[in-house]
Structure formats: C-alpha cells, structure tokens
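S.K.: Sequence below, structure please.
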Amino acid sequence: MNVQGIYHTALQNWANPVAADAISGEGGDIEPNDFVTQVTAADAVSIEAAKMALQQSQCADIRALALQSMVEHSRCADELQSLACRKYLHGGLDTCPDSILIRDLHALGPQAFDRAYALSQVRALEERVELLALAARQLDDLELEAFAHTALPTFRQLLKMALGLAAAHPAR
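M.R.: Numbering: from 1, shown residues only. The predicted structure follows:
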C-alpha cells in the first residue's frame, strides 16, 4: 500500500471515532460518555503509533514528535481515565487501538513510514483539536469541559509540530 493509501486508511479508521457532530445530544451538547470514548480510543491509537515511530523511524524529527505525542497522549489518557472513573463514566476506558492503521504503518519502508506517520498525526491532531475546542465550548459537564479547555493548547502545539513534519517529509 502506498503512502496516500495509508493516509486514506488512517483517515477512515483513526481510532474508529464517532464524528464530532455525531456525538452531540439533542440540545447540541456533547455527551460525556461519547467524549470519553472518542478521546480514549484516539489516545490508545496515538500511543501505539508513537511507539511504532520510535522503533521504526531513523529521523530525529519524527522520533521527537512520536516521543512528545506518546507523553501527551499518555498524560491525557491518565487524566481522563481518573476523571471518568470519579464521575462513573465508562465510555471507552477499555478501548483497544484500532489495528488497521497500526498494521498499515508496519507494512511501510522507512521513508514511506515517516511520511504516513506525519500525515496520520496531522489528521488525528486536527480532529483532536476540533473535538477539544467543541468540548471546551459545549460539553454538558463542567469538569470534562475544563479538561478539554486545559488540554487544547497542548494538542494545538502537537498539531503545529505534525504540520511541520508533514511539510518536511514530502511524498517522493
């Protein structure tokens, strides 16, 4: 599978998320369990993809993004799990990573892997920033809303890093 195919697969299968507009309740508020499910699933996939990038990539910039991504997604997952458990929310806490993206990334050579990883991170982080921004404005739970508001700058920074990497690793 080529890099564009991996990117397309990543877009379709990234943690198999519920689209941001599909997690809204009747009043337009985001449902807390759906938010927890989507963020938890995306964190699990991002952590697995980052581990893979640390193992497979020889590029310092890709490895730096992977390490930062793994740290931030792990921190986010831990904070959200703690908050969700306190609030008796159980959406997605046992979610396993979507193996399609991981399997597709495994099949690539080093240069194609770096490009596909960077592109998948751009898309995933765009979705994360969009979801956190929406949650920070509309989530019907003040603690989860505060969580989203606090996490947003971190994921915006990761998105900037990923955009830079995507530009630095063009298709060949």
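
S.K.: C-alpha from now on. contacts and neighbour counts both.
M.R.: Fine.

S.K.: What segments of the protein are helices?
M.R.: 3-13, 32-56, 60-86, 99-106, 110-138, 142-168 (DSSP state H).

S.K.: Next, the buried residues of the third one.
M.R.: This points to helix 60-86. By 16 or more other CA atoms under 10 Å, the buried positions in helix 60-86 come out as 61-63, 65-67, 69-70, 72-74, 76-77, 80-81, 83-84.

S.K.: Next, the distance between the ends of stretch 134-151.
M.R.: Using CA to CA, to the nearest Å, the end-to-end distance of stretch 134-151 comes to 12 Å.

S.K.: any idea how far that stretch is from the chain center?
M.R.: 17 Å (CA atoms, centre = their mean, to the nearest Å).

S.K.: Just the buried positions in it, please.
M.R.: 134-136, 138-141, 144-145, 147-149, 151.

S.K.: Point out where the chain drops to low pLDDT.
M.R.: For the chain, applying pLDDT under 70 flags the ranges 1-29, 89-102, 106, 172.

S.K.: let's see 50
M.R.: 1-27, 92-95 (pLDDT under 50).

S.K.: Return the alpha-carbon coordinates of stretch 67-80 using PDB.
M.R.: C-alpha atoms of stretch 67-80 as PDB (Å, rounded to 0.1, in the frame of the first residue of the first chain):
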ATOM      1  CA  LEU A  67       8.000  10.900  21.900                       C
ATOM      2  CA  GLN A  68       6.100  14.100  22.600                       C
ATOM      3  CA  SER A  69       2.900  12.600  21.300                       C
ATOM      4  CA  MET A  70       3.300   9.500  23.500                       C
ATOM      5  CA  VAL A  71       3.900  11.600  26.600                       C
ATOM      6  CA  GLU A  72       1.000  14.000  26.000                       C
ATOM      7  CA  HIS A  73      -1.500  11.300  24.900                       C
ATOM      8  CA  SER A  74      -0.500   9.100  27.900                       C
ATOM      9  CA  ARG A  75      -0.900  12.100  30.200                       C
ATOM     10  CA  CYS A  76      -4.300  12.900  28.700                       C
ATOM     11  CA  ALA A  77      -5.400   9.300  28.900                       C
ATOM     12  CA  ASP A  78      -4.400   9.100  32.500                       C
ATOM     13  CA  GLU A  79      -6.100  12.300  33.500                       C
ATOM     14  CA  LEU A  80      -9.300  11.500  31.600                       C
END
